[in-house]
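*Asks:* Quick one, structure for this:
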Amino acid sequence: MDSGLPVIFFTAICGSLVASIRNSLWHKLSIFNDSISDLWLLVGDFNALLSSEDRQGGLNRRSGISNQFVSCFASAALSELVFRGPKFTWKRGSLYQRLDRAFYYGPWSLKFPEADVLRLPWIHSNHRPQLVRLQSWSPPTIVGFANDLKEWNGKVFGNVFHFKKQLLARIEGIQRVLENRTSSHLMELECQLRRELDVILYREELIWFQKSRSEWIQWDDKNSSYFHQRTIKRRKCNRIIVLKDEEGNRLEEQGTLKKLAIDFFSKLYLDDDIKNSCYKLRGLFPTLSDDCLKGLDSLFLDKKIKVALFEMKPWKALGPNGLHAIFFKNPSRG
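*Replies:* You can find the predicted model right below:
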C-alpha cells in the first residue's frame with residue numbers, strides 16, 4: 001500500500017445456533033485460510049468452545065467442546081489475541097461461557113507486537129463487547145496530557161461562557177415569540193435548550209469551584225456568583241500592592257514591585273556570605289540525628305509517595321504539571 005501500512009483481512013464472526021451450520025463455517029474458514037498471504041483477523045461470537053475451561057456453572061454438565069471448531073483452529077494455524085478483562089464473555093443465569101474471541105493469522109507479532117483485546121462490561125446484551133487494540137495504550141506524559149486537555153477543551157468541551165450566552169439568547173428569543181403566538185415546536189425547543197443550559201450551568205459551577213478552591217462548600221450548592229466572589233476575594237488577598245525597599249521606602253508602582261522581587265530572590269541564593277546580618281541562620285536549627293540523616297538518604301517508596309499524596313488537600317494550588325491533587329487521588333473526579 002502507498003501508506004506503508006500492512007494489509008489486514010477482517011472477518012466478523014457470528015456462529016449459528018445450529019451445529020451443522022457452524023461446522024460448515026469452520027470448513028469454509030479452513031479453505032479461505034489457504035488463499036490468504038497477508039494478515040487475517042477474525043473477531044466475533046463463535047458460539048463454540050475450545051476447551052472445558054471455557055465453561056463455568058449451569059445445570060447441564062456436558063462439556064460443550066466442538067471438535068470441528070478445535071480442528072479448524074489447528075488446521076488454519078490460528079492464534080488467539082491476548083485478552084484484557086474477564087475470562088468469560090457470555091452468561092445466562094449461572095452459566096458462563098467464553099464464546100466471543102479474536103483470532104489472527106500471519107506475522108502479527110512483527111507488525112503489531114502489542115495487540116490485544118479489551119473485554120468490556122455487559123450492558124444491553126449477554127455478550128461482552130470486544131475492543132481490538134492494535135497498539136496497547138501507554139500513559140501519556142504530563143506535558144502531552146496537558147496539551148491534549150487544552151485541545152479537548154477548545155474542540156469538545158467548548159467555551160462554557162460563550163455557550164451560556166448563546167443559549168440564553170436563544171431561549172429569550174423563543175419566549176418573545178411565544179408571547180405573541182402558540183407553537184408546540186418552539187415550546188419543545190425551549191425545553192430542550194433549558195436542559196442544555198442546565199448542563200452548561202453545572203460546568204460553570206465546577207469552573208468557579210476549582211478556581212475558588214473552597215473546600216467547605218457543598219458540591220450541590222447552586223450559587224455561581226458566590227464562587228465568583230470567592231475567587232475574586234482570594235485573588236485580592238494574594239495580590240502584593242506595597243513593598244518596602246532596603247531603605248524602608250514604600251513602593252507601590254507595579255513595575256517597581258516586580259523588579260524589587262526579582263532582585264531580592266536573585267541575590268538571596270547567590271550570596272555566599274554566611275555572616276550576612278539579615279540572615280543569621282547558623283546555630284538556629286537543631287542538629288539532625290543519624291537516623292534522620294539516614295532516612296533522608298533512603299529511596300522513595302511507592303507506599304510513602306501514596307501517603308504523602310493522599311495527605312494533600314484535593315483542591316489546593318495546582319502542581320507544576322497544571323493539575324490538582326485530586327486528579328491523582330481520584331482520576332474519575334479530577
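*Asks:* which SS class is I305?
*Replies:* With DSSP: H, G, I helix; E, B strand; the rest coil as the basis, the three-state label of I305 is helix.
*Asks:* Give me the neighbour count for it.
*Replies:* 10 (other C-beta atoms under 10 Å). C-beta coordinates here come from the backbone N, C-alpha and C atoms, glycine included.
*Asks:* again with W26
*Replies:* 21.
*Asks:* What of K313?
*Replies:* Close neighbours of K313, defined as other C-beta under 10 Å, add up to 11.
*Asks:* Please apply the same query to I200.
*Replies:* Neighbours of I200 under the rule other C-beta under 10 Å: 19.
*Asks:* My read is that it contacts H162, right?
*Replies:* No: applying C-beta atoms under 8 Å as the test, I200 and H162 come out as separate, 9.7 Å apart.
*Asks:* The protein: strands as residue ranges?
*Replies:* With strands called from DSSP state E, the chain shows them at 8-14, 39-45, 55-56, 79-80, 83-84, 90-92, 95-97, 100-105, 116-119, 130-133, 243-244, 250-251.
*Asks:* So for S71, which of these sits nearest?
*Replies:* S71 lies closest to strand 100-105 among the strands of the chain, at 14.2 Å (C-beta to C-beta).
*Asks:* buried set for the closest one?
*Replies:* Buried residues in strand 100-105, counted by 16 or more other C-beta atoms under 10 Å: 100-105.
*Asks:* Walk me through the domains of this protein.
*Replies:* Domain ranges of the chain: 8-133, 142-236, 287-334, per automatic domain parsing.
*Asks:* Pipe those domains into a markdown table and attach distance to E252 per row.
*Replies:* Below are the domains of the chain laid out as a markdown table (distance: least, C-beta to C-beta, whole Å):
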| stretch | distance to E252 |
| --- | --- |
| domain 8-133 | 60 |
| domain 142-236 | 15 |
| domain 287-334 | 26 |
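*Asks:* Quick one: these as CSV, columns for mean pLDDT and distance to F264 too.
*Replies:* CSV is the format used below for those (pLDDT from 0 to 100; distance: least, C-beta to C-beta, whole Å):
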stretch, mean pLDDT, distance to F264
domain 8-133, 84, 52
domain 142-236, 76, 22
domain 287-334, 77, 22
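*Asks:* Deepest-packed of the ones you listed, please.
*Replies:* Among the domains of the chain, ranked by average contacts under mean count of other C-beta atoms under 10 Å, first place goes to domain 8-133 (a mean of 15).
*Asks:* Can you pick out the most distant pair from the buried residues of strand 100-105?
*Replies:* D100 and Y105 (18.1 Å).
*Asks:* Pairing partners for D100 in the sheet, please.
*Replies:* Residues in a beta bridge with D100, per DSSP bridges, are D45.
*Asks:* hey, where'd the helices end up in the stretch 51-200 of the chain?
*Replies:* Using DSSP state H, counting those that start in this stretch, the helices of the stretch 51-200 of the chain run over 67-75, 108-111, 142-152, 160-180, 184-212.
*Asks:* nearest to L134, of the ones you listed?
*Replies:* Closest of those to L134 is helix 108-111, at 8.5 Å (criterion: C-beta to C-beta).
*Asks:* so how far is N23 from the closest residue to S75 other than its chain neighbours?
*Replies:* Distances taken as C-beta to C-beta, 6 or more residues apart in numbering place S30 nearest to S75, at 5.3 Å, with adjacent residues excluded. For S30, the distance to N23 equals 11 Å [C-beta to C-beta, to the nearest Å].
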